[in-house]
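>>> Provide a 3D model corresponding to the input given below.
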Amino acid sequence: MKKTVFLFFLTVIFIFNIENKVKGSEVIYQVNDKEIIITSIKENDINGFTIEKTGVNPFFSKIIDEEENYYITGIKEVDDYFILFGYGFSRSSDTEYDSLYFVLDFAGNIIKKDLRDYGNMESIKNVYYVDDIFIVYTESVMDIDYSYKFNSNYFTSYDHNFNYIDSIEIGTKIYKIEAKDSFVLIGYSNEEYDLGLRSDLSLINKNDLLSIEEGSVYTESITIEFINGATLNSEYIENGVTLTYPGNYTLNYNDLVYNFIIKPVISGVVNNEIYNEPITAKISGGNIILNDDIYVSNTEIIKPGNYELIINGTNDYIDKLEFTITSNIEGVINNNTYLEPVDIRFNGDGYLNDNFIQSPYNVTESGEYILKIKGENNYLETYYFSIQDEVKKAGLIDFIQKVDIIVLVVVLISGGIILKKK
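Below you'll find the predicted structure:
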């Protein structure tokens with residue numbers, strides 16, 4: 001096998017793309033909003049390169065090794081790193097190119113290099129970042145009588161510190177590939193995708209059945225992984241979906257229909273419960289109505305009253321809770337008589353003998369009282385009480401009067417007194 005010039009020509013063709021400008025031995029990469037200049041150098045017959053970042057926080061670095069040759073074909077900015085990738089080889093022992101990447105921090109310091117041999121001629125095609133995992137995509141070719149033919153693909157995963165985790169080989173040539181939030185889409189043709197590659201390097205096949213049972217109920221959210229197109233409640237979607245909005249859902253995928261429900265997470269309130277203090281209802285999603293007014297989740301409900309909380313979701317979904325908040329009155333008991341002034345505390349709007357009062361309120365004068373506390377949605381509490389000046393001493397007449405209406409009739413008959421109750 002030979003150290004092929006063919007891959008070098010491929011590299012030259014690759015870097016002459018519409019995203020980059022070539023200037024002599026320089027290749028200028030536009031990486032997001034940053035400009036990175038890679039310049040090929042040769043010192044003492046050793047190939048290397050320099051990396052220059054212009055603009056804000058510029059840096060200049062040089063990478064050259066007397067034992068190894070390097071060729072950079074792409075740059076990716078991922079998280080807090082610049083990843084330079086391509087291929088290289090060991091001058092003393094290699095007969096074929098190996099996959100290569102360098103990791104630089106934003107100051108231009110080299111924090112990682114990986115030169116990996118899969119047994120043929122390899123070049124890194126791209127680097128993806130999925131669920132906090134780096135996935136390096138490498139393609140290998142074979143040199144057969146000076147004819148370079150596709151051999152295989154390798155996907156290697158690394159953690160956030162670029163420690164090796166795992167690797168998977170996919171033997172079919174890839175014609176289209178792109179990264180989603182939770183997986184990498186892989187297509188064996190330009191028509192549609194055939195696989196999805198998760199961060200743990202497990203695969204999603206385009207013909208896989210979805211793990212949704214008919215009528216399934218999910219709380220708060222559901223993530224559905226699939227490849228290519230589907231319809232969700234008659235709306236076309238592609239390549240997986242995460243749903244968080246409450247509702248009734250129908251998903252049509254690969255000519256199969258999946259019906260399911262998403263319910264919101266509700267905390268801070270329970271259906272048919274009575275509370276004696278303010279509450280705070282927290283609802284994870286939906287259009288929330290409280291007694292015919294829009295309610296914002298995690299807002300305190302203070303006033304006493306009868307409440308109806310309705311959560312509307314997609315496709316005619318409705319969830320309803322009813323509850324009551326009382327005034328939590330202190331200082332007075334219904335139908336009680338007091339010998340001292342009464343200090344009343346309560347929540348809500350108070351009316352004492354039809355006069356509006358606010359909590360706290362002190363009642364000092366003797367008399368008969370009716371206290372009404374009004375709240376939301378026709379809520380009403382009523383308390384009867386009285387305040388007396390002092391306790392009267394009980395005599396015979398007082399006692400008789402309390403028993404009933406007594407008339408004392410004194411009749412003198414044969415020298416005696418007859419009490420006659422009338």
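
>>> Tell me the pLDDT of the residue lying closest to residue 206 once chain neighbours are set aside.
Nearest residue to residue 206 in three dimensions, chain neighbours excluded: residue 227, at 4.0 Å (C-beta to C-beta, 6 or more residues apart in numbering). Using the backbone N, CA and C atoms, a C-beta is placed for each residue, glycine as well. You'll see residue 227 listed with a pLDDT of 95.

>>> what about residue 227, distance to residue 333?
Using C-beta to C-beta, to the nearest Å, residue 227 is found at 69 Å from residue 333.

>>> quick one: which of the two has more around it?
residue 227 (24 against 12; other C-beta atoms under 10 Å).

>>> Is the residue nearest to residue 314 when sequence neighbours are not counted bridged to anything, and to what?
The shortest distance from residue 314 to any non-neighbouring residue, by C-beta to C-beta, 6+ apart, is to residue 247 (3.1 Å). Beta-bridge partners recorded for residue 247 (DSSP bridges): residue 262, residue 314.

>>> for residue 247, what are its contacts?
233, 261, 262, 313, 314, 315, 317 (C-beta atoms under 8 Å, 6 or more residues apart in numbering).

>>> Okay, and residue 322 sits in which element?
Secondary structure assignment for residue 322, by DSSP states H and E: strand 318-325.

>>> Packing partners of the helix or strand following that strand?
Helices and strands here follow DSSP H and E; after strand 318-325, the next one along the chain is strand 336-338. Here strand 336-338 touches strand 379-387, going by 3 or more C-beta pairs under 8 Å, 6 or more residues apart in numbering; DSSP states H and E.

>>> Each with direction, which strands does the strand it packs on pair with?
strand 336-338 (parallel), strand 367-375 (antiparallel).

>>> Quick one: closest of these to residue 346.
strand 367-375 (5.6 Å; C-beta to C-beta).

>>> Can you name the residues in contact with the closest one?
Counting by C-beta under 8 Å, 6+ apart, 303-306, 325, 327, 329, 332, 344, 346, 348-354, 363, 380-387 sit against strand 367-375.

>>> 6 Å - rerun?
Contact with strand 367-375 is made by 303-305, 327, 346, 348-353, 380-386, as judged by C-beta atoms under 6 Å, 6 or more residues apart in numbering.

>>> Which among those count as buried?
Buried by 16 or more other C-beta atoms under 10 Å: 303, 304, 305, 327, 346, 348, 349, 350, 352, 381, 383, 385, out of those.

>>> tell me the contacts of the fourth one?
Same thing as residue 327. Counting by C-beta under 6 Å, 6+ apart, residue 327 makes contact with 304, 346, 347, 348, 373, 381.

>>> Recalculate using a threshold of 10 Å.
Applying C-beta atoms under 10 Å, 6 or more residues apart in numbering to residue 327 gives the contacts 276, 303-305, 345-350, 359, 371, 373-375, 379, 381, 383.

>>> What does it show for phi and psi?
Backbone torsions for residue 327, taken as degrees, to the nearest 10, come to phi -80, psi -10.

>>> Distance of it relative to residue 368?
Distance from residue 327 to residue 368, counting by C-beta to C-beta: 21 Å.

>>> rewinding a little: any chance of TSV for the buried ones among the contacts of strand 367-375, columns distance to residue 46?
TSV is the format used below for the buried ones among the contacts of strand 367-375 (distance: C-beta to C-beta, whole Å):
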residue	distance to residue 46
303	80
304	83
305	82
327	86
346	87
348	85
349	87
350	91
352	97
381	91
383	96
385	100
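
>>> Which member of these is positioned nearest residue 253?
The closest of the buried ones among the contacts of strand 367-375, once distances to residue 253 are taken by C-beta to C-beta, is residue 305, at 46.3 Å.

>>> I appreciate the help and will end here.
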